[in-house]
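Q: Build the 3D model from these lines:
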Amino acid sequence: MKDQLEALRLQIAKDIGSAETLEVLDELEIKYLGRKGELTAILKGLATVSAEDRPVLGALANEVKQAGMDLLERRRNELSSSKFAALADTERADMTEPGKRPVEGHLHLVTQTIREITDIFEKIGFYRTRYPEIDWDWYAFESLNMPPDHPARDDWETFFMDAVSSDAKKQGRMVLTPHTSNGQAHELERHEFPVRMLGIGKCYRRQSDATHAPMFHQFEGLYVDEGVNLSHLRGILDYFAEQFFGKGRVSRIRPHHFRFTEPSFEVDISCGICGATGVVNGQKCKICKQGWLEIGGAGMVHPNVLMASGVDPKKYSGLAFGWGIERVAMMKEGTQLDDIRILYQNDVRFLKQF
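A: Predicted coordinates for the structure are as follows:
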């Protein structure tokens, strides 16, 4: 057995010395010194050796193993040094060469639109506010002159929650706000005039199709002061149309009915393709069909809305307007969106266009 161990020592040294790669060294370690290697196989014969010779042979086996481990480590260091030295010659890096810039993201189209709208209205004295997106029925409906049987207060139209306020004034269920108009009552309760509020937030409705989503954004404009009249509303709407949609664009209003404004109007903007004529090259305009595009609603604040927040309608009057952020983004020239839901599908190929 002693001769076997000495022969194994020489063979290990020879094979390790001739190894040219780190992978070969790993194979040699397993072959000779592994749990099922040749050294282990020789040591199985210790059972047939006399008791006097076992300690001597055991010590010799340890020497062979340690010598092999030392040779493996030394050879690994030599091969690693050679490998990195070769890399220095074959893979030189030019530190003066410009690197590759990482991919950078950008603001979502909805966020861009919100910031643009905010900037437009700040220039004429409106200040940005944001009120709860989970609110009480009183703020979302009752304070806005909506009776209990109003269609919007139906469970099939609005997301109600199983929570009831202990405040007698705000009795009713908790609701995911279907519009940003709940901010009107919150702002008017402060009784700080003039009010030039621009409320922007998320809204929730049970709707989902090409022009509606269960969650969307709205902006709410509210101007309340002494002497506010319809001419102020017309001026604000024309100002927004030109600033947001482009020079030469104007607005128009059509009679409508909203519970929280009186009189109430639907708001249209002139089509930028046909110039509000409804005709392009002798053909009906494919975008607007009639020269105008509907964007939202507006009107003079209903006296009941003012009184609900403790404001004297004989002293103060106001105007309100608002519509969807996604809607005006879809209508802006160059956007060309035909389905509002694509805004929230997180398709990078689509989002990076804006």
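Q: quick one: pLDDT of residue 29?
A: Note for residue 29: predicted pLDDT of 84.
Q: let me redo that: residue 311
A: Residue 311 is given a pLDDT of 95.
Q: Over to the one 4 residues further on?
A: According to the prediction, residue 315 has pLDDT 96.
Q: before we move on, what about residue 26?
A: pLDDT at residue 26 comes out at 87.
Q: And it, how far from residue 61?
A: Separation of residue 26 from residue 61 (CB to CB, to the nearest Å) stands at 22 Å. Placement of C-beta: from N, CA and C, glycine included.
Q: Neighbour count for those two, which is higher?
A: Neighbours were counted for residue 26 and for residue 61 using other CB atoms under 10 Å; residue 61 has more, 21 against 13.
Q: got a list of what the more buried one touches?
A: Going by CB atoms under 8 Å, 6 or more residues apart in numbering, residue 61 touches 5, 39, 42-43.
Q: Swap in 7 Å and give it another go.
A: By CB atoms under 7 Å, 6 or more residues apart in numbering, the contact set of residue 61 is 5, 39, 43.
Q: Where do the strands of the stretch 1-150 of the chain begin and end?
A: Using DSSP state E, counting those that start in this stretch, the strands of the stretch 1-150 of the chain run over residues 127-129, 134-136.
Q: Residue 288: which of these is closest?
A: Across those, residue 288 has its closest neighbour in strand 127-129 (30.9 Å, CB to CB).
Q: who does the closest one pair up with?
A: Sheet pairing for strand 127-129, assigned by DSSP bridges, gives strand 195-204 (parallel).
Q: quick one: buried residues of the partner strand?
A: 195-201, 203-204 (16 or more other CB atoms under 10 Å).
Q: And the chain, what are its domain boundaries?
A: Listed by automatic domain parsing, the domain ranges of the chain are 2-90, 109-351.
Q: before we move on, back to that, relative to residue 257, which of the contacts of residue 61 is nearest.
A: Nearest to residue 257 among the contacts of residue 61 is residue 39, at 96.0 Å by CB to CB.
Q: what's near enough to touch residue 22?
A: By CB under 7 Å, 6+ apart, the neighbours of residue 22 are 76, 79.
Q: just to revisit the earlier point, narrow the contacts of residue 61 to those in helices?
A: In this view, the contacts of residue 61 that belong to helices under DSSP state H are 5, 39, 43.
Q: How many residues are close by residue 46?
A: Residue 46: 13 neighbours (other CB under 10 Å).
Q: Nearest residue to it in space, please, no chain neighbours.
A: Of all residues not flanking residue 46 in the chain, residue 54 sits nearest, at 5.7 Å (CB to CB, 6 or more residues apart in numbering).
Q: Could you measure from the one you found over to residue 301?
A: From residue 54 to residue 301 the distance is 104 Å (CB to CB).
Q: if we can go back for a sec, quick one: which of the ones in helices among the contacts of residue 61 is most hemmed in?
A: residue 39 (20 neighbours).
Q: Who are the contact partners of that one?
A: Taking CB under 7 Å, 6+ apart as the test, what residue 39 contacts is 8, 32-33, 61, 64-65.
Q: do residue 15 as well
A: residue 28 are the contacts of residue 15 under CB under 7 Å, 6+ apart.
Q: That one and residue 32, how far apart?
A: 8 Å.
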